[in-house]
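[1] I'll drop the sequence and a predicted model, then ask my questions.
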Amino acid sequence: MSILYHFFKYYIRLCLFFYHKKINIIGIENIPKKEAVLFISNHPNALLDPILIASNNPRSLYFLSRASVFKNKLIAKFLKTIHLIPVYRKRDGVDTLVKNKSTFSKSVALMHQNKTLYIAAEGSHNVKRHIRPLKKGFIHIILDTFKKYPDTDIKIVPVGLNYDTIIGFPSSVSVCYGTAISAKKYYEVNDVQQSIKNLLKVVKKELKNVAVHIENIEEYDVIINKLNDLNADFTNPTETNNILKNIDNYSVEYDKKSVKSKKTILYYLFIINSFIPYLFWKRIKKGIVEIEFISTFRFAVGMTLFPIYYLIISLLINRFVGGQIAIIYFIFSVLLGLAFTKISKH
């Protein structure tokens, strides 16, 4: 594990502790300690999904990420240092297939070396609590590995990311690791198509066990409203999925009007103490097009601008008032932010 990867892993874990009201890691004992592992998850919350998995995982993860973020050479070098591997799409140019051969070769090599790889197999993010059809990219990595290295097995670990709210703040989340699946068990040596069907079927089935899954997408809004009125715990997929099995038996009247949470003294204290970075966040939020990126950008602002602002103010206090007051202010700001996250409602 590189020093830079190690540093960011634990810094981000600390920031996530301040950002989320509660993070519950379930089934971490299901992660193989030394074997090749493909972590396959649902993808409701943009970049927060992979960093939640990576920062709360005993293994050192590699990630497949869209190539557009690698355009700048300096940024590309940094991203590769923290284990991101570019995946190219048609929009990235005519030579995408050639470039992706290198990506898949790298992935196969990682599997042969008993490393780990994270893939959001749905292919895109979506806030709906529904496991969508899985893309075949991770299957091809498995098949190519078995073809080149017949003695290598790959364990597929399904990961369910379950947020109580995708857009709201503060939110709670559970990261649920399912039972490891031996890819070799579902591999038909002489029948590639059957192997693909077998693997897609079993992985999707297991993802539905570790993530809240609403099957009836046509009645999605009605079902979500029922779950909300039943105070379903979306961070507990087992409990919520059990409710969903009999959701038609529930008759709940709900108010369609949105209810705004009341601002507390804690809220106003936090805003006053963090006014400038808060204004930056409000400005940035206006430019976010996809709602799945709201939490990602909020987290990015929280882990950079807010601590930098507190540090600058502390240095100014130290310069004009004194070091003791500066230390007290900085500790107060950190504890205020932590209390705001842990106590506030959405």
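    It's in. Bear in mind that the values here come from a model prediction, so they are computed numbers and not experimental data.

[2] which element follows the helix or strand harbouring residue 162 toward the C-terminus?
    Using DSSP states H and E, residue 162 falls within strand 155-163. Going down the chain from strand 155-163, the next helix or strand is strand 172-177, by DSSP H and E.

[3] residue boundaries of the helices in the stretch 51-200 of the chain?
    73-81, 96-112, 137-148, 192-210 (DSSP state H, counting those that start in this stretch).

[4] and the shortest one, what does it pack onto?
    If I follow you right, that is helix 73-81. With contacts taken as 3 or more CB pairs under 8 Å, 6 or more residues apart in numbering; DSSP states H and E, helix 73-81 sits against helix 3-19. All C-beta spots, glycine's among them, are computed from the backbone N, C-alpha and C.

[5] CA atoms of the helix it packs on as PDB?
    The C-alpha trace of helix 3-19 is given here as PDB (Å, rounded to 0.1, in the frame of the first residue of the first chain):
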ATOM      1  CA  ILE A   3       2.000   6.000   1.700                       C
ATOM      2  CA  LEU A   4      -0.200   8.500  -0.200                       C
ATOM      3  CA  TYR A   5      -3.000   5.900  -0.500                       C
ATOM      4  CA  HIS A   6      -2.600   5.100   3.200                       C
ATOM      5  CA  PHE A   7      -2.800   8.700   4.200                       C
ATOM      6  CA  PHE A   8      -5.900   9.500   2.200                       C
ATOM      7  CA  LYS A   9      -7.700   6.400   3.400                       C
ATOM      8  CA  TYR A  10      -7.500   7.400   7.000                       C
ATOM      9  CA  TYR A  11      -8.000  11.100   6.400                       C
ATOM     10  CA  ILE A  12     -11.100  10.400   4.400                       C
ATOM     11  CA  ARG A  13     -12.300   8.000   7.100                       C
ATOM     12  CA  LEU A  14     -11.900  10.800   9.700                       C
ATOM     13  CA  CYS A  15     -13.800  13.200   7.400                       C
ATOM     14  CA  LEU A  16     -16.600  10.700   6.900                       C
ATOM     15  CA  PHE A  17     -16.900  10.400  10.600                       C
ATOM     16  CA  PHE A  18     -17.600  14.100  10.800                       C
ATOM     17  CA  TYR A  19     -19.800  14.100   7.700                       C
END
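
[6] and the angle from it to strand 172-177?
    Angle between the axes of helix 3-19 and strand 172-177 is 130 degrees (criterion: axes from the mean of the first three to the mean of the last three CA atoms, to 10 degrees).
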